[in-house]
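Trainee: no sequence on this one, just coordinates:
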């Protein structure tokens, strides 16, 4: 819901009162002038002395007036993608490497190309980025220069945008145009990343039994394993009483499921004592360990752990159960 509202804020047209550039009253006052008459001094008296310190010189007004004055609040660059931040100079955003399977610069190039194609914006590739029009923000005549600036030391890449050619209000307000189109890209990129993460979270996860260490091994990262475990436990007859992701444990009570419920889930029935347990997770880098203990924090019997491995392992492989 928050992202939907943000999208409206970023891409809304001139019908939104907050984005109207002119005041909602007339501008007849611009044609008015101050009319004065000389001060009548009675005969025999001297004219009073006047302080000229606050006299406004003629033709001294600088800047826009009346219709030409833009009353909209400044447009701010929004770091919508987790971990991104605004550049100190110019209109741009820093993005940091979060996925190891693809170079960040390549990922941002693909994200920009997809953004232009989805919005039907005319664009072309240049040496270190793109050139595009501003159709996505309702200014097809406005031209933008997109530059990708890698920083290997910080494992980051900046996306910087600069308005180059155009007409009307967009030339008079380059910063607003640059911030608006950069926000539109940032929102699009965040939605793409969220969709990719959703698909990843629902993909199968291999879970095996490590009999020697008396633990289960997930072939995925800690975060993905945690999400999958928390999603599946209630479906398998566990009531979660406490969970601490930072400390890596989940306290549960197994109430069991009926035979019909197990058949409906199409999973091996979990026949373990109906009691309280603690599941402890350990971060092994690209893998995650899961240990099971009773309420006294004593490791469970090998038979109980083996039963959990059979049922939970089958559930971890089922994408539809992860929703």
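Mentor: It's in. What you see is a predicted model, and the numbers here were worked out from it, not measured in a lab.
Trainee: Run the chain-centre distance for stretch 263-273.
Mentor: Taking Cα atoms, centre = their mean, to the nearest Å, one finds stretch 263-273 lying 39 Å from the centre of the chain it belongs to.
Trainee: which strand is the longest one in the chain?
Mentor: strand 139-151 (DSSP state E).
Trainee: Which other helices and strands does the helix or strand following that one contact?
Mentor: Remark: after strand 139-151, the chain's next helix or strand is strand 156-163, criterion DSSP states H and E. Applying 3 or more Cβ pairs under 8 Å, 6 or more residues apart in numbering; DSSP states H and E, we find strand 156-163 packed against strand 92-96, helix 104-118, strand 139-151, helix 174-202. From N, CA and C alone the C-beta is placed, and that goes for glycine too.
Trainee: for the stretch 1-150 of the chain, which spans come out with low pLDDT?
Mentor: Scanning the stretch 1-150 of the chain for pLDDT under 70 picks out 1-20, 58-63, 100.
Trainee: how about the helices in it?
Mentor: Counting by DSSP state H, counting those that start in this stretch, the stretch 1-150 of the chain has these helices, from start to end: 2-11, 104-118.
Trainee: just the stretch 151-300 of the chain next, same as before
Mentor: Using DSSP H, counting those that start in this stretch, the helices of the stretch 151-300 of the chain run over residues 169-172, 174-202, 222-232, 259-265.
Trainee: What residues sit buried inside the longest strand of the chain?
Mentor: Across strand 139-151, burial judged by 16 or more other Cβ atoms under 10 Å covers 139, 142, 143, 144, 145, 146, 147, 148, 149.
Trainee: List the single closest residue to residue 109 in space, sequence neighbours excluded.
Mentor: residue 148 (6.8 Å; Cβ to Cβ, 6 or more residues apart in numbering).
Trainee: Identify the residues contacting that neighbour.
Mentor: The contact partners of residue 148, by Cβ atoms under 8 Å, 6 or more residues apart in numbering, come to 105, 108, 109, 128, 129, 157, 158, 159, 160.
Trainee: and with 10 Å instead?
Mentor: Taking Cβ atoms under 10 Å, 6 or more residues apart in numbering, we find residue 148 in contact with 92, 95, 104-106, 108-109, 112, 128-130, 157-160.
Trainee: what about stretch 265-278, how long is it end to end?
Mentor: Using Cα to Cα, to the nearest Å, the end-to-end distance of stretch 265-278 comes to 24 Å.
Trainee: Apologies, that question was intended for stretch 271-284.
Mentor: Start-to-end, stretch 271-284 (Cα to Cα) is 29 Å.
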